[in-house]
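Engineer: Test case, fold it:
(one chain, ligands or ions: 3)
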Amino acid sequence: MNILVINAGSSSLKFQLYNMDNEEVLAKGKVERIGMETAILSYDPAERQGIREVAEVLEHTTAIQKVLGMLMHKDHGVLSSMKEIDAVGHRVVHGGESFSSSVIVNEEVKREIRRLFDLAPLHNPAHLLGIQAVENNMPDVPQVVVFDTAFHQTMPPKSYLYPIPMVLYKKHQIRRYGFHGTSHAYVSERAAALIQKPFDKLKIVTCHIGNGASCAAILNGRSVDTSMGMTPLEGLMMGTRSGDIDPAIVPFAMGKEELTLNEVNSMLNKHSGLMAISGISGDMREIVRAMEAGDRNATLAFEMYEYRLRKYIGAYAAAMNGLDLLVFTAGVGENSAELREALCRNLTFLGLELDEHANVQRSDAERVISTKESRIQVMVIPTNEELVIARDTHRLILAREEDVV
Ligand SMILES: Nc1ncnc2c1ncn2[C@@H]1O[C@H](COP(=O)(O)OP(=O)(O)O)[C@@H](O)[C@H]1O
Ligand SMILES: CC(=O)OP(=O)(O)O
Ligand SMILES: [Mg+2]
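Structural biologist: Numbering: from 1, shown residues only. Ligands and ions are numbered 1, 2, ... in the order given. This is a model prediction of the structure:
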């Protein structure tokens, strides 16, 4: 069964095509700058030369047409006909309280994703466009949605409620949801399997630190707390997002700087975090480079990022009354030995001992980076949200076929 996995953003659409008989990635790529006359298309098939192209792509339906065109390209294609795509799986960031697992798309599911636009204005509208674009181009192909929020639906009320009037929760579902759940679930399960310990008997903290960043407390196989909240803005300091701040700053800064709501939102989401403190970039690679060259603001940005993450790890060890396993993943977590070293250097009070040699080894592999004597095992597990989406899609489509028979 061939499954196309789509992660649609407001101005981009990333895709991977899987052959689920052996979980092989047949091709992957992305369309960037959707909405522009000069959108950028890139496509990389497994054993053929790829395509780089600039073309007019004004909306998501055209983006999907372009993706299908590349997959069926006469020289670079991996498919001979659209009929070879059996199902499509989508990443959907916000599933609210309605979805605690992946589902097959129907009218009701689409309505619910639309109802949640308010809670994820940057993400959910783009996901629905992606779903509709697939319907327009491939009307008979079944679709599945996999939610970032689903894994965190096991959080207890003491974690997910805000200490504000209950009416806001009851009337408007203002509560903490958490995100990156597909990744937290995947890396925590992989980590437990790799060290051959039962997933449902471990106290794990997972740090998904990429463009967006969140960490999660996973107790006996279930998420019991996570750092992102109602939206992906709460929690850790990120590349361009502030993470936790005093909420009183919002009206205060709006008054002093004469900012509109949109402007303050944009300030906290796009002009804060590493970017704001360093004045250089939201990309950790550039921060580390500038820090090594002696830049003081970059050093401060790095220190704040590390300090804020470390406090969350300490809090989650307290939340679970212990910690067995600390897992790093996503762009920064998988690649920045500097950040992992700085964090672990200050977690020795927990009995955590980093293997400095293993930490700096360059590798894409899943690996343990703590010493044999360390009481807490530290691991790097490359995330693979697309594979989880492909697997869920495969499972749901097979189950539906069995039901029909
Ligand atoms: N070698 C590296 N060292 C440090 N940070 C890195 C490295 N490679 C990537 N990153 C960081 O990872 C981020 C992207 O993470 P990623 O998980 O790919 O994000 P997303 O999937 O949300 O787009 C970049 O902004 C950069 O800060
Ligand atoms: C939910 C979220 O923050 O996603 P991303 O890391 O892809 O921005
Ligand atoms: Mg990501």
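Engineer: Please make it C-alpha for all contacts and neighbour counts, starting now.
Structural biologist: Noted.
Engineer: so which residue of the stretch 1-150 of the chain comes closest to ligand 2?
Structural biologist: Val93 (5.8 Å; C-alpha to the nearest ligand atom).
Engineer: Next, the contact list for the nearest residue to that residue once chain neighbours are set aside, please.
Structural biologist: Leaving aside its chain neighbours, Val93 sits nearest to Asp148 (4.7 Å; criterion: C-alpha to C-alpha, 6 or more residues apart in numbering). Applying C-alpha atoms under 8 Å, 6 or more residues apart in numbering to Asp148 gives the contacts 91-95, 178-182.
Engineer: now, which of those residues sits nearest His394?
Structural biologist: Arg91 (14.3 Å; C-alpha to C-alpha).
Engineer: The closest one against Ile389, yeah?
Structural biologist: Yes. Contact criterion C-alpha atoms under 8 Å: Arg91 and Ile389 qualify, at 7.1 Å.
Engineer: shared neighbours of the two, which are they?
Structural biologist: Residues touching both Arg91 and Ile389 by C-alpha under 8 Å, 6+ apart: 5, 145-146.
Engineer: could I get those residues as TSV with pLDDT?
Structural biologist: As requested, those are arranged in TSV below (pLDDT from 0 to 100):
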residue	pLDDT
Val5	98
Val145	98
Val146	98
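Engineer: Could I get the pLDDT score of the residue in the chain that ligand 2 sits nearest to?
Structural biologist: Closest residue of the chain to ligand 2, C-alpha to the nearest ligand atom: Gly212 (3.4 Å). Among the per-residue scores, Gly212 holds a pLDDT of 91.
Engineer: which residues touch the spatially closest residue to Asn220 that is not a sequence neighbour?
Structural biologist: Nearest non-adjacent residue to Asn220, counting by C-alpha to C-alpha, 6+ apart: Asp200, 3.8 Å away. The contact partners of Asp200, by C-alpha under 8 Å, 6+ apart, come to 219-222.
Engineer: and if you look at Gly77?
Structural biologist: Per C-alpha under 8 Å, 6+ apart, neighbours of Gly77: 45, 70-71.
Engineer: ditto for Val31
Structural biologist: So Val31 contacts 12-14, 39-42, 63, 67 (C-alpha under 8 Å, 6+ apart).
Engineer: Please, which helix or strand holds it?
Structural biologist: Assigned by DSSP states H and E, Val31 belongs to strand 24-32.
Engineer: quick one: strands adjacent to that strand?
Structural biologist: strand 12-19 (antiparallel), strand 36-45 (antiparallel) (DSSP bridges).
Engineer: which one of these has the most crowded surroundings?
Structural biologist: strand 12-19 (a mean of 21; mean count of other C-alpha atoms under 10 Å).
Engineer: That one vs ligand 1: in contact?
Structural biologist: No. Contact between strand 12-19 and ligand 1 is absent, the nearest approach being 10.1 Å (criterion: C-alpha under 6 Å from any ligand atom).
Engineer: The nearest residue to Ser281 once chain neighbours are set aside: neighbour count?
Structural biologist: In this structure, Ser281 finds its nearest non-sequential neighbour in Met275, 4.6 Å apart by C-alpha to C-alpha, 6+ apart. By other C-alpha atoms under 10 Å, 22 other residues sit near Met275.
Engineer: Could you say which helix or strand holds the spatially closest residue to Glu386 that is not a sequence neighbour?
Structural biologist: What sits nearest to Glu386 in space, not counting adjacent residues and going by C-alpha to C-alpha, 6+ apart, is Val5, at 6.3 Å. In the assignment (DSSP H and E), Val5 maps to strand 2-8.
Engineer: quick one, that strand and strand 24-32 angle?
Structural biologist: 30 degrees (axes from the mean of the first three to the mean of the last three C-alpha atoms, to 10 degrees).
Engineer: check whether strand 2-8 contacts ligand 2.
Structural biologist: No. Between strand 2-8 and ligand 2, judged by C-alpha under 6 Å from any ligand atom, nothing touches; the nearest distance is 9.0 Å.
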